[in-house]
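Q: Sequence and predicted structure, then a few things I'm wondering about:
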Amino acid sequence: METPAAARRRTPLDLLMNSGLGKLLRGIGVAPRQNSGESLLDLADALLSLRGRASGPALASAFFDLYEASDLAARQDFLGKVHDMHPADAEAIDKAIAKWNAKRDEGAALALNAASESPSARLINQLNLAPQGTQRLIGMREDLLAASATPGLAALDRELESAFTAWFNAGFLELRGIGWDSPAALLERIIRYEAVHEIHGWDDLRSRVEPIDRRCYGFFHPQMRDDPLIFVEVALTPELPGAIHQIIAEGRQPIDPREATCAIFYSISNCQVGLKGIPFGNHLIKRVVGLLKEELPHLKTFATLSPVPGFAKWLAKEQEPGARMPGAKDLRMLAARYLVTAKGKGNQPMDSVARFHLGNGARLEAVHANADLSPNGQKQSHGVMVNYLYDLADIEANLFALTELGAVATSKTVQALVDEGDGNGRKGGGRKAGAAKDAVPA
């Protein structure tokens, strides 16, 4: 009889191979090695060799049990090897091409499509059959993104991103309101996932989701019922805010939503690291605007109060060594110049948040100094925050100007800041940032 200590020493692989499924695997010649990285590769081989789907969910579940019990190094070792160990079937592709060239009918096209499907893509689809397979694959991609890049990892990541883009199409997602009466497990996740303005416990969360002038909405996937993909926090205000403390200050007095004219998106948080690069945010904002217009048709302005996460690093490169920190007015001019003129890949805005909102067709409406006095706000943007305005009538024109011309849509106020900053630079003989007369010690 097996002792309790011996039972505790048994690995997920031992449990699998001693099960009925393990006996069937041995019957078709699959005997996973004891090294966890190698045994994961063996189980992947078994999944790819299955002709029927009956045992697929059980084997996929066993694979994930072993994967999740392995240490990070073994998991990443598997991820780095699995794509290269299962190359495309060149012979099958050649035969399918010949069939297409000969017949050029629907059957030949389907055969070519099946032959050219990546084994890694088939493996991903097989693993998705496991209980909570979608969520577990997201965790797998999180491991992949944390690893040092290799060609094999990059190829597998392309397959995962392609699958997730299809599975998480906005048409499949459910938009739900999140309130103080939402399940406790969901509210705990909101606290944990908040990525812009930290939520300091339950009282802080309550102040953001319970008052009558606050809203919170999230996208959910049918396979992840109480685990949001992304969520946005909204403040209903009588005017465009210029600082985050106007929205999240303790002891704030709520207003009647009927008195509000603005809906301010002040925090948008992506929740799943493994879904990096999958576009949810643009769909979320447009859907929420539609909901709010339906609920509160008197609202006139839909805008953000957003951080400028790349500004401090950009400014440090622009300043002369030892330069004094610019004062509030010059910070606004410099931030406006950064957001309008600093470009990255594809002639798109360098700042990640600007790239997101401007890429959704928003307009850079206003720039505020001393708007985020938190340590993180000071570190990443010297306290600067901005408003991006979503005017539904102008979204397509703004997006065209950005994508085709590289031109950032701005309000007259912001453009005046850019022009004034350029004028000061010319008068000062092209000096770098930080030499303005209202500079104060850093």
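A: Arrived safely, thanks for sending. Numbers count the residues shown, from 1 in each chain.
Q: hang on, Ser175 in a strand?
A: No, residue 175 isn't Ser; it's Leu. Yes: Leu175: assigned to a strand according to DSSP: H, G, I helix; E, B strand; the rest coil.
Q: Which secondary structure state does the closest residue to it other than its chain neighbours sit in?
A: Excluding the flanking residues, the one nearest Leu175 by C-beta to C-beta, 6 or more residues apart in numbering is Arg287, at 5.1 Å. Where you see a C-beta, it was placed from the backbone N, CA and C, and this is true even at glycine. Using three-state DSSP, the structure places Arg287 in helix.
Q: Could you give the number of residues near the closest residue to Leu296 other than its chain neighbours?
A: Excluding its sequence neighbours, the residue lying closest to Leu296 (C-beta to C-beta, 6+ apart) is Pro257, at 5.9 Å. By other C-beta atoms under 10 Å, the residues close to Pro257 number 18.
Q: shift numbering so it begins at 26
A: In the new count, where the first residue is 26, that last one comes out as Pro282.
Q: In this structure Pro282 contacts Asp238, no?
A: Yes: here Pro282 reaches Asp238: they are 5.6 Å apart, a contact under C-beta atoms under 8 Å.
Q: Need the overlap of contacts for those two.
A: Leu261 (C-beta atoms under 8 Å, 6 or more residues apart in numbering).
Q: got a list of what the residue nearest to Leu321 touches?
A: Contact analysis of Pro282 by C-beta under 8 Å, 6+ apart lists Ile237, Asp238, Leu261, Leu321.
Q: what's the distance between it and Gly226?
A: Using C-beta to C-beta, to the nearest Å, Pro282 is found at 26 Å from Gly226.
Q: Repeat that for Leu66.
A: Using C-beta to C-beta, Leu66 is found at 44 Å from Gly226.
Q: which of the two has more neighbours?
A: Leu66 (19 against 9).
Q: May I have the phi/psi pair for the more buried one?
A: The phi/psi pair for Leu66 (degrees, to the nearest 10) reads phi -60, psi -40.
Q: show me what contacts it?
A: Counting by C-beta under 8 Å, 6+ apart, Leu66 makes contact with Phe103, Lys106, Val107, Met110.
Q: cool, Phe89 as well?
A: Here Phe89 is in contact with Leu152, Ala155, Gly158, Arg161 (criterion: C-beta under 8 Å, 6+ apart).
Q: With Ile118 instead?
A: Leu137, Ala140, Ser141.
Q: so how far is Ala379 from Met249?
A: Met249 sits 30 Å away from Ala379, going by C-beta to C-beta.
Q: Looking only at neighbour counts, state which of the two leads.
A: Ala379 (25 against 16).
Q: Of the contacts of Phe89, which is the most crowded?
A: In terms of neighbour count, Leu152 stands highest of the contacts of Phe89 at 25 neighbours, by other C-beta under 10 Å.
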